[in-house]
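Engineer: 3D, please:
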Amino acid sequence: MVSTASVLVSVAAVLTSICVQAATPAGLYFSNNDWELACDNTRTCRIAGYHRDGDDDMAVSVLLTRKAGANQAVTGELQIGSYGENPVLKNLPATFDLSMRINALTAGKIAVGKDSLTASLSASQVAALLAALPGNSKIEWSAGGHIWKLSDKGAAAVLLKMDEFQGRIGTGGALLRKGPQNEDAVLPPVPVPVVIVVPLTKPLPGDAQFANRHSKALWKILRSTVKDDDCPLLTERRSDKEQFSSTRLTDAKFLVTTPCWSAAYNSGDGYWVVDQSPPHRPLLVTASGSGYAGGGISNGNISASHKGRGLGDCWSVDDWTWDGAQFIHTKASSSGMCKLVAPGGAWSLPTITTEVRN
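Structural biologist: Numbers count the residues shown, from 1 in each chain. Below is the predicted model of the structure:
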């Protein structure tokens, strides 16, 4: 029997979720050659540019960030490559100055510490960089006789896409295609959505055996919710003999999981919310989950973390959070292109961001 309190919590969670989703724009990811763009659901956009392929020994990356709304400045960060052993870095002092040059003209210096190998660009350096990127420019930083070169290939397309996403084309604040429109015409920022974590219902005796008791029915109905390529370990299975795992979410719902796929350096599990009673009405959360953050479902969070390639210089991460009625996608982010800039990737480039509260 479903308690009145559980029903009220579920209804409130559904209404909150509907309001959050209705007010939140979709994020965007776009790439072109050596540049990429990630805009999140608050309309903040981040652009990352890199060295050309083949220059991995002198890897370098720039991150440009701009919030949505009128009169928002672009900020910039620089990162010197630190993946693996690099004799160039070994011979530099603990803190060193990088000289910035654009088309052979000096654009100031940047102090960089070897402990992080990142530094902020000044407003004038960001302005010079933005002016140079749309053309065929030579952009470089140098120290101790060594030169790190930033590619401009693909930058114009990415800058234009950011202007389009933020509604700046034709305004005085556009990075490309400026126009006479006032900046007040651009799209406004969106507040960070708030998702309230609802505690899970305490497990009952026998809950651990729920998936096994219903394994035949689950095996049949879960396969209908995924494409063969998304969950081959389930869709190609010939029986229900492989065990499903389950955890109680509410008085009437369970979370069921089973392996979906396995690759050379990644794997993914499927997670479904199902009704306790037949016909179970499964709702797929993800077919690429990695587990529960913190090592237990008690916090109501499904996570996914995957390498872009075996070297581990690029990753994607996702979170889904239980709000009492469903798992909401509360985080989606990548670490940037696979460019050997840093172990784990160069940057955090979210397309979904939320504030999760207990």
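
Engineer: Secondary structure class of A208, three-state.
Structural biologist: helix (DSSP: H, G, I helix; E, B strand; the rest coil).

Engineer: can you check D97 too?
Structural biologist: strand.

Engineer: looking at the sheet around I47, what are its partners?
Structural biologist: L37, L64 (DSSP bridges).

Engineer: Look at it and report its pLDDT.
Structural biologist: Per-residue confidence at I47 stands at 98 (pLDDT).

Engineer: mind listing what it touches?
Structural biologist: By CB atoms under 8 Å, 6 or more residues apart in numbering, the residues touching I47 are W35, E36, L37, L63, L64, T65, V158, L159, M162. The C-beta positions use only the backbone N, C-alpha and C, and glycine is treated the same way.

Engineer: which one of the residues you listed sits closest to L200?
Structural biologist: L200 lies nearest to T65 out of the contacts of I47, by CB to CB, at 36.5 Å.

Engineer: which regions of the stretch 151-300 of the chain sit below the pLDDT cut-off?
Structural biologist: 292-299 (pLDDT under 70).

Engineer: where do the helices sit along it?
Structural biologist: 155-165, 210-213, 215-223, 232-235 (DSSP state H, counting those that start in this stretch).

Engineer: Out of those, which is the most enclosed?
Structural biologist: Among the helices of the stretch 151-300 of the chain, ranked by average contacts under mean count of other CB atoms under 10 Å, first place goes to helix 155-165 (a mean of 21).

Engineer: So which residues make contact with it?
Structural biologist: 28, 30-32, 34-37, 39, 43, 45, 47, 49, 66, 130, 133-134, 168-169, 174-177.

Engineer: What of stretch 351-358?
Structural biologist: Identification of contacts with stretch 351-358 by CB under 8 Å, 6+ apart yields 27-29, 38-42, 192-197, 319, 321, 328-333.

Engineer: Now with 6 Å, please.
Structural biologist: 27, 29, 38, 40-41, 192-197, 321, 329-332 (CB atoms under 6 Å, 6 or more residues apart in numbering).

Engineer: got the CA coordinates for it in PDB?
Structural biologist: In PDB, the C-alpha atoms belonging to stretch 351-358 read as follows (Å, rounded to 0.1, in the frame of the first residue of the first chain):
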ATOM      1  CA  THR A 351      26.400  21.300 -21.200                       C
ATOM      2  CA  ILE A 352      24.100  20.600 -18.200                       C
ATOM      3  CA  THR A 353      24.700  22.100 -14.800                       C
ATOM      4  CA  THR A 354      22.400  22.200 -11.700                       C
ATOM      5  CA  GLU A 355      22.600  22.900  -8.000                       C
ATOM      6  CA  VAL A 356      21.800  19.700  -6.100                       C
ATOM      7  CA  ARG A 357      20.500  20.200  -2.600                       C
ATOM      8  CA  ASN A 358      19.500  17.800   0.100                       C
END
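
Engineer: Filter the contacts of helix 155-165 down to just the ones in strands.
Structural biologist: L28, F30, S31, N32, W35, E36, L37, C39, C45, I47, G49, R66 (DSSP state E).

Engineer: S316 versus D53, what's the distance?
Structural biologist: According to CB to CB, to the nearest Å, D53 stands 21 Å off from S316.

Engineer: quick one: which of these two has more around it?
Structural biologist: A direct count of neighbours by other CB atoms under 10 Å for D53 and S316 places S316 higher, at 17 against 11.

Engineer: on that earlier part again, which of the helices of the stretch 151-300 of the chain sits closest to F244?
Structural biologist: helix 210-213 (3.7 Å).

Engineer: same for that closest one, what does it pack against?
Structural biologist: Other helices and strands packing on helix 210-213, by 3 or more CB pairs under 6 Å, 6 or more residues apart in numbering; DSSP states H and E, are strand 245-248.

Engineer: Give the other helices and strands that the strand it packs on contacts.
Structural biologist: So strand 245-248, by 3+ CB pairs under 6 Å, 6+ apart, packs with helix 210-213, strand 253-262.

Engineer: doesn't W141 make contact with F96?
Structural biologist: No: contact criterion CB atoms under 6 Å: F96 and W141 do not qualify, at 10.7 Å.

Engineer: Please identify which of those two sits among more neighbours.
Structural biologist: Shown here are F96 and W141; by other CB under 10 Å, W141 has more neighbours (24 against 16).

Engineer: wait, which of the contacts of I47 is closest to G310?
Structural biologist: So of the contacts of I47, ranked by how close each gets to G310 (CB to CB), first place is E36, at 20.6 Å.

Engineer: hmm, who's touching stretch 62-70?
Structural biologist: Residues contacting stretch 62-70 (CB under 6 Å, 6+ apart): 43-49, 72, 74-78, 166, 183-184, 186-189, 347.

Engineer: For D152, see how far away the nearest residue to T106 once chain neighbours are set aside is.
Structural biologist: Distance criterion CB to CB, 6 or more residues apart in numbering; nearest residue to T106, sequence neighbours excluded, is S99 at 6.7 Å. Using CB to CB, one gets 19 Å for the distance from S99 to D152.

Engineer: What's the ChimeraX syntax to select whichever of the contacts of stretch 351-358 are buried?
Structural biologist: Buried members of the contacts of stretch 351-358, defined by 16 or more other CB atoms under 10 Å, are picked up in ChimeraX with:
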select :27,38,40,41,193,195,196,197,321,329,330,331,332
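
Engineer: how about the closest residue in space to R43 that isn't next to it in sequence, phi and psi?
Structural biologist: Nearest non-adjacent residue to R43, counting by CB to CB, 6+ apart: A68, 3.3 Å away. Main-chain torsions, A68, degrees, to the nearest 10: phi -70, psi 160.

Engineer: Noted, bye for now.
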